[in-house]
Every structure is written in C-alpha cells, then in structure tokens.
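*Asks:* just need the structure, nothing else, for what follows:
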Amino acid sequence: MTRIAVIGGGTMGATFIRAVTNAGLVEMSDLTVCEIVADRRDWLTSEFNGISVTADQGEAVSNGEVVYLSVKPQDLRTLSGNDATAARLLISILAGSTIAEVQASTGAERIVRAMPNTPAQIGRGFTAWTATTGVTSDERTLVSALLDTMGEQLYVEDESAIDKITAVSGSGPAYVFLIIEAMINAAVNVGLRPDEARRMVLQTIIGSAEFTSQSGLHPAVLKDMVTSPGGTTAAGLRVLEQQGVRGAIIDAVAAAHQRAEELGRQ
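*Replies:* Residues are numbered from 1 along each chain as shown. Below you'll find the model as predicted:
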C-alpha cells in the first residue's frame, strides 16, 4: 500500500479517492485529504469512512509518500513549498499548469502532470499524463495503476501534448453533453415525451460509441452504413454539414487548445 496526500477535496479529488480505494490499491487509512472549506471537510469525513481530513497542507503532505494535487489552477501559487513537499512524488491535475510552474511553487523534482476528465467519476474517464525524468520506473508503474482506476490512461513523452489532449478529452465531455442536450430538445420538438427522448438519446450516444470502439471501423464508414441514398439520415446529415457542425467542433477544439496554452503562460 502507498500513503497518499490529496490536496484539494473537491469533485476530482473525491473521484480519485473513490477510484483508488474501490480498486483496492489504497486503504482509506493510507489517505489524508487537505481541504480548506469546513463544510467540505465534514462531507469528506462522512463520505469516506476511515480517511484523515485536515485543513493543514503540511500535515497532509507529511502523511503521504505521494501527493495528488487537485486544487484549482489559480490556487497553485498558494501551495507551500517545503522540504517535505519537495521530497514527494507529485501528481498534478491542474489544468494549464505546467510542470515548471508546479516545480517553482513546490520545489519538487519528481512530478507527474495528468489530465483526467469528468467521466472518471464513474470509472469511464480518460487521463493523459507525462512525467519528469526524476520519476523512477517503479513510480511510473504506480502512477499508471492509480490512473487506471479512473478509466483509460495514456502516457505521453512531450508535455506540450497535454494541452492538446486537454482540448479533446478534457473539454470533450462538455461538447458531448451539448450534443446530447440538443438531440433531446430536438426529439421533444418533434413530439416525443421528454423522458422517452432522454432515454433514447443517451442509448443512441452510448451504443454508437461502443459500436465504434468494438467494430474498429472508421467513423466515416459507420456513418455511411447508416445513410441510405435519399433517406432520412442523408437529409439530416445534409443540414448538419450546411450548418457547419463539423467545422464548429474542429474550431472548438482549436479554441480550447489555444486557451490551455494561454493558461500555461499566465
């Protein structure tokens, strides 16, 4: 077992705690969470039986061999750098915060920068990560195992790839949620009941994604399989192309990538 300090007990901090303990990689007694909001500390204590909760970052770090940073990016500068923090393996999930920035704030040399997404909350997420040269082979194996508990994970050598992946998988769930919302609205507009619309749209999205994954076929091939000449799907796709939906999604990813790079320079 590995003792872990989680700095930030918000949604993603709690997601990590739930994932690694449910997988049996870490016991609750080996986890210490630092959370500055009193009501949230109370919630963490009641939600995770046996976990240690504190408002003192130094206390949390001293109890962990690994430090999982899940505070807001703007709070990075408030993290205290001391000998204990500098000696730990740090896993940072701060969006837009570079390894160099984390090093400057904490003094640590063994740093992992990771970008999970919100489906990690149900174990179906995607996390991209990279690491400094000081992170040992055994530590990389540990990090891989920890991140696996939240879904799929991908190691990348080049840190600049993290901002690109953030724009796709990090921000991507919001794009999908928007599409789901629009399809439900459209179903209601043509006369379907809201509960029926939600059910069929969600299953259509889930089924299509799983079919794409299992078939191994390119999405364009699968799209053509659904589209009969002069049929209903062809009519719908024609409107989507005319309205520039494909281009809008491409532009959205580009804008998110640009913003991720801007955050890294602030």
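*Asks:* C-terminal to the helix or strand where residue 53 lies, what's the next element?
*Replies:* Using DSSP states H and E, residue 53 sits in strand 52-54. Using DSSP H and E, the next helix or strand after strand 52-54 towards the C-terminus is helix 57-62.
*Asks:* any idea which helix or strand comes after that next one?
*Replies:* strand 66-69.
*Asks:* from the chain's centre, how far out does that next one sit?
*Replies:* Chain-centre distance of strand 66-69: 15 Å, with C-alpha atoms, centre = their mean, to the nearest Å.
*Asks:* which elements pack onto that strand?
*Replies:* Counting contacts by 3 or more C-beta pairs under 8 Å, 6 or more residues apart in numbering; DSSP states H and E, strand 66-69 packs against strand 4-7, strand 89-92. The C-beta positions use only the backbone N, C-alpha and C, and glycine is treated the same way.
*Asks:* reformat those strands as CSV; add mean neighbour count, distance to residue 216 and mean pLDDT.
*Replies:* CSV is the format used below for the helices and strands packed on strand 66-69 (neighbours: other C-beta atoms under 10 Å; distance: least, C-beta to C-beta, whole Å; pLDDT from 0 to 100):
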stretch, mean neighbour count, distance to residue 216, mean pLDDT
strand 4-7, 26, 37, 96
strand 89-92, 27, 32, 96
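*Asks:* so which of the ones you listed comes closest to residue 35?
*Replies:* With C-beta to C-beta, the closest approach to residue 35 among the helices and strands packed on strand 66-69 belongs to strand 4-7: 8.6 Å.
*Asks:* quick one, strands of the stretch 51-200 of the chain?
*Replies:* 52-54, 66-69, 89-92, 111-115, 125-131, 151-155 (DSSP state E, counting those that start in this stretch).
*Asks:* so which of those gets nearest residue 16?
*Replies:* In terms of C-beta to C-beta, the element of the strands of the stretch 51-200 of the chain nearest to residue 16 is strand 66-69, at 5.8 Å.
*Asks:* now that closest one - C-alpha only, PDB.
*Replies:* The C-alpha coordinates for strand 66-69 follow below in PDB (Å, rounded to 0.1, in the frame of the first residue of the first chain):
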ATOM      1  CA  VAL A  66       2.700  10.600  -3.000                       C
ATOM      2  CA  VAL A  67       0.900  14.000  -3.200                       C
ATOM      3  CA  TYR A  68      -2.100  14.300  -5.500                       C
ATOM      4  CA  LEU A  69      -2.700  18.000  -6.400                       C
END
